[in-house]
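> need the 3D shape of this:
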Amino acid sequence: MDWSDSWRGAFRIELRAEAIGLAWRGWPVLPGTYPAGARWAGRNGAQNEGPVPVYQDWARRVGMEPDQVASCWNGRQYTLLVATGHVVDAVEVGSELGRRAAAALRAAGVPVPIAATPTGQWLFLMEPGLGLGAELSSYEGITLHSKGSWIPLPPSPFQHGVVHWRVKPQVCNWELPHPHIVRDALLAAVHDEAIQGAAARGASPQGVRLQPV
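Numbering: from 1, shown residues only. Predicted coordinates:
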């Protein structure tokens, strides 16, 4: 994206408003590094593929009040990060698995907040504390963001776009789902992916068994 001064100013204002709104709801908001050309700016020495918290002692700042959050975005277009493991956990998957899991959730009639990044990752938000379970945790490409981690939320800027909602929290009335709901949808998506892959190879779907990587 062309991050001109006018774009930067507009995103800073929007990011600030979203950050304040989440802080009022009790979500642990943190400012994160932001794209500056081919690198991430906002913290000395930060060399990452995505945004990281601006403050080295970010874990001690979890739970900032809305006025404190507002002051963080007064001068720069920091990305909007939320510390996981407190109010929210998230499961990160690739876009193909994300679409399958979202379809399983729609079929079950259960709305779940889902964010997507410009790098093709989908984030399924849920209540914290219960993890992925043994079967999902052994598979490559599925990452749990819990205590000690964070996630970017809309409208955080990346080098080639912005984080956006696939399903907004308002659809769920800001009520996060129980982890079992997300886990069941992801398991269904993983099984469906395995069956589709077997069919493409000419194997019998009945003979498909999931193997951890």
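> for stretch 22-29, buried residues please.
Of the residues in stretch 22-29, 22, 23, 27, 28, 29 count as buried by neighbour count, 16 or more other Cβ atoms under 10 Å. (Glycine included, C-beta is placed from N, CA and C.)
> list the helices and strands the helix or strand containing the first one packs on?
Pointing back at residue 22 there. Counting by DSSP states H and E, the element that carries residue 22 is helix 5-24. Where contact means 3 or more Cβ pairs under 8 Å, 6 or more residues apart in numbering; DSSP states H and E, helix 5-24 is packed against strand 29-32, helix 66-72, strand 79-83.
> out of the ones you listed, flag the one nearest residue 95.
Nearest to residue 95 among the helices and strands packed on helix 5-24 is strand 79-83; the distance by Cβ to Cβ comes to 19.9 Å.
> show me how far the helix or strand following the closest one is from its chain's centre.
Scanning forward in sequence from strand 79-83 by DSSP H and E, the next helix or strand is strand 89-94. A distance of 6 Å separates the centroid of the chain from that of strand 89-94, by Cα atoms, centre = their mean, to the nearest Å.
> and what of stretch 125-132?
That offset, for stretch 125-132, works out to 13 Å (Cα atoms, centre = their mean).
> tell me the pLDDT at residue 50?
Residue 50 carries a pLDDT value of 83.
> which residue ranges of the chain form helices?
Along the chain, counting by DSSP state H, helices occupy 5-24, 66-72, 95-108, 134-137, 179-200.
> list the buried residues of the third one.
Meaning helix 95-108. Using 16+ other Cβ under 10 Å as the test for burial, helix 95-108 gives 97, 98, 100, 101, 102, 104, 105.
> with the first one instead?
Within helix 5-24, the residues that count as buried by 16+ other Cβ under 10 Å are 11, 12, 14, 15, 16, 18, 19, 20, 22, 23.
> what of stretch 111-130?
Buried-residue list, stretch 111-130, by 16+ other Cβ under 10 Å: 111-117, 121-128.
> among those residues, which two are most distant?
Every pair of the buried residues of stretch 111-130 checked by Cβ to Cβ; the farthest is 117 and 127, at 21.8 Å.
> tell me who's in contact with the closest residue to residue 65 other than its chain neighbours.
Once flanking residues are discounted, residue 65 sits nearest to residue 23: 7.0 Å by Cβ to Cβ, 6 or more residues apart in numbering. Applying Cβ atoms under 8 Å, 6 or more residues apart in numbering, we find residue 23 in contact with 29, 64, 65, 66, 69.
> same question, residue 64
Contacts of residue 64 by Cβ under 8 Å, 6+ apart are 23, 28, 29, 30, 72.
> for the fourth one, which non-adjacent residue is spatially closest?
Taking Cβ to Cβ, 6+ apart as the measure, residue 30 lies nearest to residue 81, with 4.3 Å between them; neighbours along the chain are not counted.
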